[in-house]
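Novice: predicted model follows, preceded by the sequence.
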Amino acid sequence: MSQSTSKLARMWDSDVAYSFRRSPVTIIAAIVALTIILGAVFAPWIAPHNPFDPSSLNLMDGFSRPMVPNEFSGNTYLMGTDNQGRDIFSTILYGARISLFVGFAAVAFGMILGITAGLVAAWRGGWVDSLLMRIADVQLSFPSILIALLIFGIARGVIPTNMRETMAIWVLIVAIGLSDWVQFARVVRGAAMVEKNKEYVQAARVIGVHPARIIFSHILPNVLGPVLVIATISLALAVISEATLSFLGVGVPPTQPSLGTLIGNGQKYLFSGEWWILLFPSATLLALALSVNLLGDWLRDALNPRLK
Amino acid sequence: MTHMPRFSRATAGLMLSAATLALSLTAADANTIRWARSADALTLDPHSQNEGPTSTLLHHIYETLVLRETDGSLTPRLATEWSIHPEDPSIWVFKIREGVKFHDGADLTAEDVVFSFNRVKAESSGFRALHAAAVSAEAVDDHTVHIKTNGPSPLYVQNLTNFFIVDKDWAEKNNVVEPQNFAAGEDNFAVRNTNGTGPYKLVSRDPEVKTVLTLNENHWAEKPQVTEVIYTPIAEAATRVAALLSGEIDFVQDVPVQDVNRLQETPGVTVVNGPENRSIFFAYDVSSPKLRSGNVDDNPFAKQAVRDAIHMSIDRDAIKQVVMRGQSQPGAMPLPPFANGWTAELDAYDKPDYAKAAELVKEAGYPNGFSFDMNCSNDRYLNDEAICQAVVAMLSRANIKANLVSQSRNLHFPLIEKRESDFYLLGWGVPPFDSQYVFDFLVHTPGGSYGSYNGGQYSNPDLDKKIEALATMTDLEARNASIAEIWKVVMDEKIILNIHNQVLAYAMKDGINLAVHPENQANMSTVTYK
Amino acid sequence: MLAYSLRRVLQSILVMLVVALISFALFRFVGDPVNSMVGQETSLADREALRRQLGLYDPFVVQFWNFITRAVQGDFGISYRLQEPVMKLILSRLPATLELALVSGTAAFILGVGFGVYTALNRRGLASNGIMTLSLIGVSLPTFLIGVLLIWVFAVELKWLPSFGRGDTVALTSWWTTGFLTPSGRASLVLPAVTLGLYQMTLIMRLVRAEMLEVLRTDYVKFARARGLSQRAIHFGHALKNTMVPVITVMGLQLGSIIAFSIITETVFQWPGIGSLFINSVKAVDVPVMAAYLMMIAAIFVIINLIVDILYYIVDPRLRLDGGGKH
């Protein structure tokens, strides 16, 4: 046991930091991701406008070109404005805030649910395994769009109207997280079943090591590789799923747009000449998703002792 | 006022004339038009679904007694003339066109019209509400039909613009005497097969994929220039525009408003605009003692001052300019300008005055303003959600906080029907082109066939009596005076907050000439090549 | 093995029932179908009558029972929206989706495994880093945006490929139409297949790469190398074979998500498959089509899962399916 902890500690101390320093791509990705995350976190202090406050909007500011004074109001916007006169730069900051929150929370939710289910299924086997995997089948039969519709529908019936706007985000998190967990569960189960039958685990069982301990110290570290692959892609995917749901008409309220909502709105202007409404939010999402994925790649390699 | 050509042609002059020359050579021969719009017809049964795209497609295959022209007037089609019976004002007399043949060769007779009348009145017909005033039809001779109404019904003929005539023998032979009762799980021959009198015959149909029509050589009227129609629904707006830009489509019927200006500037593409017969407005609960979603203990919308304030805070010109990209006709009256009863005076509106509006709200007893849910559809009207968003922002300046709840039409409209909305967006077309239609459904106290979309439950017994009387008034002058009186009350009490009339845009390849139809019923037989 | 298969079949039926149950619970939240079915003049009383006739006011259990008893006989009713028998509609749309899924799935698998092996073997190479990064761009944008951008570039600007639809099709049977046999059919497949397959390809590629890297470090590969086996034999005979367990799992899952994602791809490209049929049905609250679609998707998933489990068994004998075999 002590050997593995010291190994972990050593990794954090030197190897990880070393591999980080050695990879310029990773450094750039980290800077980009950090910039967007900080921008999102401190949006209320950075953004020149609060796009979520309808009384601050002037419709006649709509469709201002970037850095060109609006012909009616004379206001100038760094990245222009959208069809409601919202400053694109501000909406990106606020939108990234919502998207990142939804992304992190949904992946965390799906991951915890999925790993637990996968481990329990593999470890207990038998009817527990069958039940969990059949639940997974049912879950997979429902495209995330449908899950979102279902949860939105239930939420509409249960949540009082004045709380719906605030609850919409939680509904999204659950909807996206729920469609994620099966991936984690299936991969963890597959890998855990292989590990479970290996001699060292069998030996640990025979000598009476507590199952939780075996799971956490032997099986879990061994399944972390595939889990990380899925988790990194899932984070980016969660942000993108949110965009897709908005495209299909279920998502965050239009008065509180996320990055995805902004892109869904922006793609309407692809052929109309207002390129900035689509370009800036898309570029932000691309930069965010790309850098998170690159960081995930690096992290996986760096944390995997067998790749040394 | 049929359409408003807003596009400038000066630059495309030379190119156009070259194209015209090339096209005029082929115009005499076969001309195929590839036509796209957002949705497909739901069925080919002419009496089953009272729905826009369905009727539009069916107008190519089947024909009606009367035709709504692009300028809004009624012209003869299968009926050559029509009038109210000189002795009995509750009978309409129709002279049926002679020498008309169905696609299968059968002759059109008065019997077919009577049969079609009974079919459209059937339980499973989607159009029966339009014929509620009609009691029975009778073939007086081979080419004369009498339709009896329950009392004088001077407007009845206005309801016949989507009344398609089918062949009695064909329907009986194929066991389609009544429209499909799909609610009961029945399948029906007429859903996929047609036998009309129209200018085009059905060649093939794959629902939601492609429908092909070809010229009916035996048609009674002047031969249309388009000889083949390929109709493809493309649901996604961006894809639809892309298909036109890439040259895969010749004519796009539903052009997103944001793309209109750019398409006008695109070489090789022509855009025409025209007003649609549809007003877009908000209405609100004026009768409940307390709002369902409000944060105050009473109903602010029941107070005239608050309604004044709401009307005062709407900047219709800004909505037209930015949200609709110039594609709307702002106005205060929830009635299209070409409908009977419209006046420029009542349709006029003031610039917004947010300070005064806020003051009114304060004086009405809401020093901190008030809040409520605004219900909005997001897939029904042109930019419906964006209109609501803009109105939310405008109202907030008058200290009126609307929480936008925008959802699909299937969730939105039941709220209005079930009187569960405090403040909602609605669009209303006026197919008979007369104010009575608006009063019947939107102003009259709900009950029976009246007031079904009076979601605010406005009730005024005086007006109800006047509205009911309109239906049977044959003295048009007195009737118009009564309509004006009703409008005066409706507009003074501000029970409906009208935003604008929708303007339609059709985009097509240069060289194709097609005017916007106020009911959005584009007809390929009216296409000419320049 | 027989007992196991039998139990799996029983479980599958149970899964289907649960899917049907959840579908039905879901429909009440999608909205009111009647609104899309009648004109604006229709009185409230007539609307009520239609709702009653459709059985919308029947108790949930009754609606569910009616659906199940008819579905068992293969009768899914008549579409509220298109007024055609649902089975006929779905059968006529299924070939389009299956062809699209087949093409994009196959391309994603071949390219994904190929690139995955290449990038694993040439971990530090410039080309593999390029492939890794470029592939990420494809999954860093929403599918609908990728589709629209592809249309813009390849249909509108370059005019190389069609922007919508399936092109000309050839009818093989009464309902099976194929786009493979005509030039316009094949051209129409390209953009939707790329849009649909991009994400799957990236996922497979990353997974293969990760697994390959792991396996290449295992003792038996080192041992094989020490024994002097050729690089090719090691990479493809030992390493790649051992990466296939998670890849097959994921592929099984992805086959399903290809069909789910096809909803968006088909919407963007006006591809006449079951995905666009489904989303249009949701918009119009066409309950019979929605129910049939979900049942069919559930059936496909159940079958895929069964196959994946059996493949697991073949590829990795250590698994022995003991989890299911004990009881």
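Specialist: Nice, thanks for sending it over. Residues are numbered from 1 along each chain as shown, chains lettered A, B, ... in the order given.
Novice: just the element for residue 186, please.
Specialist: All of this refers to chain A. Taking DSSP states H and E as the criterion, residue A:186 maps to helix A:164-196.
Novice: that's the other chain; I wanted chain C
Specialist: Per DSSP H and E: residue C:186 is located in helix C:183-216.
Novice: could you say what helices and strands that helix packs with?
Specialist: If contacts are counted by 3 or more C-beta pairs under 8 Å, 6 or more residues apart in numbering or on different chains; DSSP states H and E, helix C:183-216 sits against helix A:220-247, helix A:275-303, helix C:86-121, helix C:126-139, helix C:143-150, helix C:240-269. Where you see a C-beta, it was placed from the backbone N, CA and C, and this is true even at glycine.
Novice: can you put the ones you listed in CSV and add mean neighbour count and distance to residue B:151?
Specialist: CSV is the format used below for those (neighbours: other C-beta atoms under 10 Å in any protein chain shown; distance: least, C-beta to C-beta, whole Å):
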stretch, mean neighbour count, distance to residue B:151
helix A:220-247, 24, 52
helix A:275-303, 22, 56
helix C:86-121, 21, 44
helix C:126-139, 16, 68
helix C:143-150, 23, 55
helix C:240-269, 23, 50
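Novice: on that earlier part again, I'd like the next helix or strand past the helix holding residue C:186.
Specialist: helix C:219-226.
Novice: now that next one: buried residues?
Specialist: Along helix C:219-226, these residues count as buried under the neighbour rule (16 or more other C-beta atoms under 10 Å in any protein chain shown): C:221, C:224.
Novice: who touches it?
Specialist: The contact list for helix C:219-226, computed with C-beta atoms under 8 Å, 6 or more residues apart in numbering or on different chains, reads C:215, C:233-234, C:238-239.
Novice: who wins for most neighbours among these?
Specialist: Of all the contacts of helix C:219-226, residue C:239 has the most neighbours under the rule other C-beta atoms under 10 Å in any protein chain shown, reaching 24 neighbours.
Novice: not counting sequence-adjacent ones, nearest residue to that residue?
Specialist: The shortest distance from residue C:239 to any non-neighbouring residue, by C-beta to C-beta, 6 or more residues apart in numbering or on different chains, is to residue C:215 (4.7 Å).
Novice: tell me the pLDDT at that neighbour?
Specialist: Note for residue C:215: predicted pLDDT of 79.
Novice: what of residue C:309?
Specialist: Looking at residue C:309, the pLDDT reads 68.
Novice: related to what we said a few turns ago, does any part of the helix or strand following the helix holding residue A:186 sit near chain C?
Specialist: Beyond helix A:164-196 in the direction of the C-terminus, DSSP H and E gives the next helix or strand as helix A:199-206. No. Helix A:199-206 is not in contact with chain C by C-beta under 8 Å from any C-beta of the partner chain; minimum separation 11.5 Å.
Novice: show me what helix A:199-206 is packed up against.
Specialist: helix A:211-214.
Novice: who are the contact partners of residue C:35?
Specialist: B:409-410, B:413-414, B:417, C:47, C:285.
Novice: before we move on, the earlier item: can you put the helices and strands packed on helix C:183-216 in a markdown table and add distance to residue B:322 and mean pLDDT?
Specialist: Shown next, in a markdown table, are the helices and strands packed on helix C:183-216 (distance: least, C-beta to C-beta, whole Å; pLDDT from 0 to 100):
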| stretch | distance to residue B:322 | mean pLDDT |
| --- | --- | --- |
| helix A:220-247 | 21 | 75 |
| helix A:275-303 | 13 | 84 |
| helix C:86-121 | 39 | 90 |
| helix C:126-139 | 33 | 82 |
| helix C:143-150 | 23 | 90 |
| helix C:240-269 | 27 | 77 |
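Novice: got the ones you listed as a markdown table, with distance to residue A:135 columns?
Specialist: Converted to a markdown table, the helices and strands packed on helix C:183-216 look like this (distance: least, C-beta to C-beta, whole Å):
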| stretch | distance to residue A:135 |
| --- | --- |
| helix A:220-247 | 19 |
| helix A:275-303 | 28 |
| helix C:86-121 | 25 |
| helix C:126-139 | 27 |
| helix C:143-150 | 27 |
| helix C:240-269 | 15 |
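Novice: tell me the spacing between residue B:46 and chain C.
Specialist: 13 Å (C-beta to the nearest C-beta, to the nearest Å).
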